[in-house]
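Asks: Show me how the following folds:
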Amino acid sequence: MKKVLIITYYWPPMGGGGVQRWVKTTKYLREYGWEPIIYTTKNGEIAIQDKELLKEIPEGIETIRTKIWEPFGLYKKLLGKKKEEALLPGMSQSSEGSSFLHNLSLWIRGNVFIPDARKFWIKPSSKFLINYLKENKVDAIISTGPPHSTHLIAKNVIKKHTIPWLADFRDPWTLIDFYHKLKLSNWADKKHKLLEQEVLHTANEVVTVTWSWANDFKEISGRVPVVITNGYDPADFTAVEDVVLDKKFTLTHTGSLNEDRNPHALWKVLAELAQKDEQFKNDLEIKFIGQVAAEVIQSINQHQLQNNLKLVGSLPHNQVIEQMISSQLLLALLNNTPKNDGIIPGKLFEYIGAQRPIVAIGKPEGDAAKVIKETQAGTLTGFEEVDSLKEIINHHYAAYKSNSLKVNSKGYEKFSRRILAKSFADELNKISASQ
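Replies: Below you'll find the model as predicted:
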């Protein structure tokens, strides 16, 4: 069996969306002739902990962990956070704390920590892996980012070892939707873009998760990445038994919800319907599973929906799946930002697997809309399409009252994690055969 070294910052017991892609791919890679070896951190910042995910790792997988120094202790002091307080992925863009300290933290993030706050892991990891590979042969290397420091580790390693390298971009680098908020100097902007180009032109293969992002990478590098989307693991859903639908008319969102995804049109629609219909008001429950930005809670309060809000907090992944299956409706809220065509929340595929109707708000021409339309898993309306959204909510509520609220999704099997793992194995076979 061939061996592949996977360089990833996110790994159990860390939880959250950044972990899922490679935990699930690792779970199935052996079926296609590839033995994964994981290189990760020993003491990385854990924003969300999910020890249950350790059970997903196949028995006997070699996992190498090394220490990392991260500047998050300084960042927490700057924003007045407690040492033990978790820093949440995707929440750093929220304007929490004083605007001066927030802006200063963004400036430091973009101009000092290049490519990201894990930059201090690059040099020791490169040295460790260069020595490790002298005694331990592998047939390929995968780096997965963000953090994009992982790609720079891989780039350093292949300077000393002729090993085919696949760079997996779960998110863009300089084309990420919040890049313009980082307050970059001209020097820092050029540095980010130079490092990005070096990775794009050096890796034997580049993979990303959406079609629009593949086109974006092509525009800046002339290279067309392979698209391997995120997905869902059917085993997660077959493991769940006897889940009963919520009695309330639940609209459930799972995962982090920052201010860029705050669906103002939805709160307006729900407030209007609740004001006109006392029964709707009594039935409605807005359920958030995961961390939620203060701006979102504030918007809900402003629309007098606070009594309909249920904040669950973070849960182990297996319990999140149960919550999805029991929900009446599932909310997929996309970033209302520039360069948002390629945003497909990883949760969208699990929503499809849960077989509950999806109510998405985003860009009608974006990649998420393409997936929803292709699978007939729900609806997507634009950020300001209040009338269309009200019609959709009314339709679903009527179906809920008649006990007929359901969805008949089609053609979503290709997003199975097992099938997607084969796509990675196919790419590994190609690049390893060419060496």
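Asks: buried sites along the one helix or strand L104 maps to?
Replies: For L104, the element it lies in under DSSP states H and E is helix 99-111. For helix 99-111, burial by neighbour count (16 or more other C-beta atoms under 10 Å) applies to 102, 105-106, 108-111. In short, each C-beta sits where N, CA and C put it, glycine included.
Asks: How about stretch 293-311?
Replies: Buried residues in stretch 293-311, counted by 16+ other C-beta under 10 Å: 293, 295-297, 299-300, 303, 305, 308-309.
Asks: Walk me through the domains of the chain.
Replies: With automatic domain parsing as the criterion, the domains of the chain are listed as 2-231+417-433, 234-413.
Asks: Would you mind measuring the gap between the ends of the first one?
Replies: End-to-end span of domain 2-231+417-433 (C-alpha to C-alpha, to the nearest Å): 11 Å.
Asks: Repeat that for stretch 41-52.
Replies: For stretch 41-52, the end-to-end distance is 18 Å (C-alpha to C-alpha).
Asks: now swap in stretch 396-411 and tell me
Replies: Across stretch 396-411, the terminal residues are separated by 23 Å (C-alpha to C-alpha).
Asks: Name the residues that touch that stretch?
Replies: 249, 273, 280, 283, 328-329, 352, 355-359, 374-378 (C-beta atoms under 8 Å, 6 or more residues apart in numbering).
Asks: can you rerun that using 6 Å?
Replies: 249, 328-329, 352, 357, 375-377 (C-beta atoms under 6 Å, 6 or more residues apart in numbering).
Asks: With respect to I122, which of those is nearest?
Replies: Checking the contacts of stretch 396-411 against I122 by C-beta to C-beta gives I352 as the nearest, at 36.6 Å.
Asks: Is that closest one in contact with A377, as I believe?
Replies: Yes - contact status for I352 versus A377: in contact at 4.6 Å, counting by C-beta atoms under 6 Å.
Asks: re earlier: what residues of the helix or strand just after the helix holding L104 count as buried?
Replies: Past helix 99-111, further along toward the C-terminus, the next helix or strand under DSSP H and E is helix 122-135. Buried residues in helix 122-135, counting neighbours by 16+ other C-beta under 10 Å, are found at 122, 125-126, 129-130, 132-133.
Asks: could you say what helices and strands helix 122-135 packs with?
Replies: Helices and strands touching helix 122-135, as assessed by 3 or more C-beta pairs under 6 Å, 6 or more residues apart in numbering; DSSP states H and E, comprise helix 149-160.
Asks: buried stuff in the helix it packs on?
Replies: By neighbour count on 16+ other C-beta under 10 Å, the buried set for helix 149-160 is 149-158.
Asks: Now tabulate the residues you listed in a markdown table and tack on pLDDT.
Replies: Listed next are the buried residues of helix 149-160 as a markdown table, based on pLDDT from 0 to 100:
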| residue | pLDDT |
| --- | --- |
| S149 | 98 |
| T150 | 98 |
| H151 | 98 |
| L152 | 98 |
| I153 | 98 |
| A154 | 98 |
| K155 | 98 |
| N156 | 98 |
| V157 | 98 |
| I158 | 98 |
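Asks: From the residues you listed, pick the one nearest L53.
Replies: Using C-beta to C-beta, the buried residues of helix 149-160 come closest to L53 at T150, 18.9 Å.
Asks: wait, doesn't that closest one sit right on I7?
Replies: Yes - T150 lies in contact with I7 (C-beta under 6 Å); the separation is 4.7 Å.
Asks: Mind listing the shared neighbours of those two?
Replies: Counting by C-beta under 6 Å, 6+ apart, the residues touching both T150 and I7 are S143.
Asks: and S126, what is it in contact with?
Replies: S126 sits in contact with 153, 156, where contact means C-beta under 6 Å, 6+ apart.
Asks: again, 7 Å this time
Replies: Residues in contact with S126 (C-beta atoms under 7 Å, 6 or more residues apart in numbering) are 153, 156-157.
Asks: how about the helix or strand hosting L389: buried residues?
Replies: Take DSSP H and E as the rule and L389 turns out to sit in helix 386-401. Neighbour counts using 16+ other C-beta under 10 Å place 386, 388-390, 392-393, 396-397, 400 of helix 386-401 among the buried residues.
Asks: next helix or strand past that helix?
Replies: helix 417-433.
Asks: contacts for that next one?
Replies: 2, 4, 24-25, 28-29, 32-34, 139-140, 164, 166, 204-205, 207, 226, 228-229, 231-233.
Asks: Now, of those residues, which are buried?
Replies: Using 16+ other C-beta under 10 Å as the burial test, the contacts of helix 417-433 include 2, 4, 24-25, 28-29, 32, 34, 139-140, 164, 166, 204-205, 207, 226, 228-229, 231-233 as buried.
Asks: quick one: the helices in the stretch 251-400 of the chain?
Replies: 264-276, 278-283, 294-302, 317-326, 346-354, 367-375, 386-401 (DSSP state H, counting those that start in this stretch).
Asks: Bridged to A167, which residues?
Replies: S143, V206 (DSSP bridges).
Asks: residue contacts, it?
Replies: Shown in contact with A167 (C-beta under 7 Å, 6+ apart): 143, 151, 154, 199, 203, 206.
Asks: swap in F237?
Replies: F237 makes contact with 321, 353-354, according to C-beta under 7 Å, 6+ apart.
Asks: Double-check that it belongs to a strand.
Replies: No - assigned with DSSP: H, G, I helix; E, B strand; the rest coil, F237 falls outside any strand and is helix.
Asks: Do you know the pLDDT at it?
Replies: Here, the pLDDT recorded for F237 equals 94.
Asks: try S94
Replies: As predicted, S94 sits at a pLDDT of 46.
Asks: by how many degrees do the strand ranked longest in the chain and helix 417-433 diverge?
Replies: When the chain is parsed with DSSP state E, its longest strand is strand 34-41. Put simply, strand 34-41 runs at 90 degrees to helix 417-433, going by axes from the mean of the first three to the mean of the last three C-alpha atoms, to 10 degrees.
Asks: Strand 34-41 - which strands sit beside it in the sheet, and in what orientation?
Replies: Strand 34-41 has these strand partners (DSSP bridges): strand 2-7 (parallel), strand 62-66 (parallel).
Asks: for those strands, which one ends up most surrounded?
Replies: With neighbours taken as mean count of other C-beta atoms under 10 Å, the strands paired with strand 34-41 reach their highest mean count in strand 2-7, at a mean of 22.
Asks: Next SSE downstream of it?
Replies: Using DSSP H and E, the helix or strand that follows strand 2-7 in sequence is helix 17-29.
Asks: Pull the CA coordinates from that next one and hand them back as PDB.
Replies: Presented in PDB, the C-alpha positions along helix 17-29 are these (Å, rounded to 0.1, in the frame of the first residue of the first chain):
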ATOM      1  CA  GLY A  17     -15.700  22.400  10.000                       C
ATOM      2  CA  GLY A  18     -11.900  22.500   9.400                       C
ATOM      3  CA  VAL A  19     -11.500  19.000  10.800                       C
ATOM      4  CA  GLN A  20     -14.200  17.100   8.900                       C
ATOM      5  CA  ARG A  21     -12.700  17.000   5.400                       C
ATOM      6  CA  TRP A  22      -9.500  15.200   6.300                       C
ATOM      7  CA  VAL A  23     -10.800  13.100   9.100                       C
ATOM      8  CA  LYS A  24     -13.400  11.700   6.800                       C
ATOM      9  CA  THR A  25     -11.000  11.300   3.800                       C
ATOM     10  CA  THR A  26      -8.500   9.500   6.000                       C
ATOM     11  CA  LYS A  27     -11.300   7.200   7.100                       C
ATOM     12  CA  TYR A  28     -11.700   5.900   3.600                       C
ATOM     13  CA  LEU A  29      -8.300   6.300   1.800                       C
END
